[in-house]
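> Quick one, fold the following:
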Amino acid sequence: MVKLRLKRYGRKQRTYRIVAIDAQSRREGKVTREVGFYNPRREETRLDILAITALCGRGAKLTETVRDILRRAKLKIT
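Okay, here's the model as predicted:
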């Protein structure tokens, strides 16, 4: 099963990438696809909406944090 979740990166690991990754993989494991970026310090978010909707259409699950980020971006994913 594929999940959309956050992957830490950056010098002090304070920014995140929103990635599609196998549910059994570690947080820093091999990524299937990168679909966004989130910086909580600047409240900056970039999303590839087409990729996110395509992955969710194929059965990808969202973590609670990613679901909240998408909700703040006013993106409706069921």
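
> Please make it C-alpha for all contacts and neighbour counts, starting now.
Fine.

> Would you state the helices of the protein in chain order?
Along the chain, the segments classed as helices by DSSP state H run 49-57, 64-72.

> closest one to residue 12 among these?
In terms of Cα to Cα, the element of those nearest to residue 12 is helix 64-72, at 19.9 Å.

> helices or strands next to that closest one in the packing?
If contacts are counted by 3 or more Cα pairs under 8 Å, 6 or more residues apart in numbering; DSSP states H and E, helix 64-72 sits against strand 2-9.

> wait, what's in contact with the closest residue to residue 31 other than its chain neighbours?
Nearest-residue entry for residue 31: residue 21, 5.0 Å, with adjacent residues in sequence omitted and distances by Cα to Cα, 6 or more residues apart in numbering. By Cα atoms under 8 Å, 6 or more residues apart in numbering, the contact set of residue 21 is 2, 3, 4, 5, 29, 30, 31, 32, 33.

> So what's the residue count around the fifth one?
A count of nearby residues for residue 29, using other Cα atoms under 10 Å, gives 11.

> measure it to residue 23 for me?
Separation of residue 29 from residue 23 (Cα to Cα, to the nearest Å): 10 Å.

> Sketch out the low-pLDDT regions of this protein for me.
Low-confidence segments of the chain, defined by pLDDT under 70: 78.

> picking that back up, would CSV of the contacts of residue 21 with distance to residue 17 be doable?
Formatted as CSV, the contacts of residue 21 follow (distance: Cα to Cα, whole Å):
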residue, distance to residue 17
2, 16
3, 13
4, 10
5, 8
29, 13
30, 13
31, 10
32, 12
33, 10
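
> Out of the residues you listed, who's the most crowded?
Within these, most neighbours by other Cα under 10 Å means residue 4, with 27 neighbours.

> That residue bridge partners, please.
Assessed by DSSP bridges, residue 4 has beta-bridge partners residue 20, residue 62.

> how about the residue nearest the centre of the chain, what does it touch?
The C-alpha lying nearest the average C-alpha coordinate of the chain belongs to residue 18 (Cα atoms, centre = their mean; 2.5 Å). Residue 18 sits next to 4, 5, 6, 7, 34, 35, 36, 37, 38, 66 when contact means Cα under 8 Å, 6+ apart.
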